[in-house]
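Engineer: Give the three-dimensional model of this entry:
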Amino acid sequence: MRIALFPGSFDPIHNGHLEVIERASQLFDRVVVAAMRNPQKAAALFTLEERKLQIEETVSHLNNVEIVSLSTLVVNLAADIGATVIVRGLRAVSDFENELQMAQMNRVLSGIDTIFIPTSSEYSFVASRLLREVALFGGDISSLVPSPISKALAAKFMK
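Structural biologist: Numbers count the residues shown, from 1 in each chain. Okay, the predicted model is just below:
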């Protein structure tokens, strides 16, 4: 069985992430999406549990995708689930340098390879950070995120 691990902060998950998950689900027998805390990023808007539930709702149409939360090294989780590959999405060339370094580190630590799935140009500019900012100021991001996420962002910023 070919198992892929797709880790990320997903704060929030957006249509670019969803596209990568859908494409990975066609390439692999099982895809595990891991919502994680990223200590290098600012405080999360949604808790890990909220993100896990949001992702589950977003990918409910995909039978071979499951969601977990992560608070360990990605390579440790990959070993625990028997992943044969780590999947990472790329929006633009600027993403590649950082992603390549992570892929090389993961390979040295565990021997696991990383594959990169580029998003379509339709989502090449979409970033969770930008979506949070636009939503904070009342901008319409509904075409860039799955419906449950649009509602969650609206509810978060209406408080």
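
Engineer: which residues are in contact with stretch 72-89?
Structural biologist: Contact with stretch 72-89 is made by 1-8, 16-17, 19-20, 24, 28, 31-32, 34, 36, 68, 70, 95, 99, 102-103, 106, 109-110, 112-119, as judged by Cβ atoms under 8 Å, 6 or more residues apart in numbering. In short, each C-beta sits where N, CA and C put it, glycine included.

Engineer: among those, which ones are buried?
Structural biologist: 3-8, 16-17, 19-20, 24, 28, 31-32, 34, 36, 68, 70, 95, 103, 106, 110, 112, 114, 117-119 (16 or more other Cβ atoms under 10 Å).

Engineer: Sitting in helices, which of those residues do you find?
Structural biologist: 16-17, 19-20, 24, 95, 103, 106, 110 (DSSP state H).

Engineer: Look up phi and psi at residue 90.
Structural biologist: With angles defined as degrees, to the nearest 10, residue 90 sits at phi -120, psi 130.

Engineer: separation between it and residue 19?
Structural biologist: Separation of residue 90 from residue 19 (Cβ to Cβ, to the nearest Å): 12 Å.

Engineer: shared neighbours, the two?
Structural biologist: residue 119.

Engineer: any idea of the pLDDT on the residue nearest the centre of the chain?
Structural biologist: Closest to where the C-alpha atoms of the chain average out (Cα atoms, centre = their mean) is residue 8, at 4.1 Å. Model confidence at residue 8, given as pLDDT, is 95.

Engineer: Then the one 3 residues further on?
Structural biologist: Per-residue confidence for residue 11 comes out at a pLDDT of 95.
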